[in-house]
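A.B. asks: A predicted structure for the sequence below; I have some questions about it.
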Amino acid sequence: MFSNSQFAVAVHMLVFIARGQFDQVTSEEMAESVNTNPVVIRRILCRLARGNLVISQPGALGGTKLSRPADQITLLDVYYVIEGCEAYCLHKSQPSETCVVGRNMLPVLEGIMQEAEAAVKEKLSRYTIEDVLRQVLKL
């Protein structure tokens, strides 16, 4: 269902921020935890900010904090911000109409993918950033 690793990185970042609770977290601190370049973190932070999941303060004394309590941010919220409404793609070009497989493939696949996507969304709506943080701290 996920088109790349950005969802996992975004959840990682939000859990990292939630662990600090009161302090603002820098992109460099998050990048160290994720083990990636701070530029990657900043790109995802921009999306999270546009999605109203974080608030960022630029500058030397700046950083990022959650826009609301961690128990009020679901993984489905993150999914919508990072993946958009539909996280699957079908054929880029129209399959052959003269072939029985080509003619019928898109409607069949679309139905299956919509069903799978609904199951993913339902499951993600059950978990919050706080839930993930609790599980991380238990290990």
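C.D. replies: Cool, got the structure.
A.B. asks: alpha carbons only for contacts and neighbour counts from here, please
C.D. replies: Will do.
A.B. asks: where along the protein do the helices fall?
C.D. replies: Taking DSSP state H, the helices of the chain run over residues 6-20, 27-34, 38-50, 75-83, 100-124, 129-138.
A.B. asks: Can you check which of those helices gets nearest to residue 59?
C.D. replies: When the helices of the chain are compared by Cα to Cα, helix 27-34 sits nearest residue 59, at 11.4 Å.
A.B. asks: Would you mark the buried spots in the closest one?
C.D. replies: By 16 or more other Cα atoms under 10 Å, the buried positions in helix 27-34 come out as 27-31, 34.
A.B. asks: which residue lies farthest from the center of the chain?
C.D. replies: What lies farthest from the middle of the chain is residue 98; by Cα atoms, centre = their mean that is 39.5 Å.
A.B. asks: Let me see the backbone angles for that one.
C.D. replies: phi -90, psi -10 (degrees, to the nearest 10).
A.B. asks: Mind pulling up the pLDDT for it?
C.D. replies: Listed pLDDT for residue 98 reads 92.
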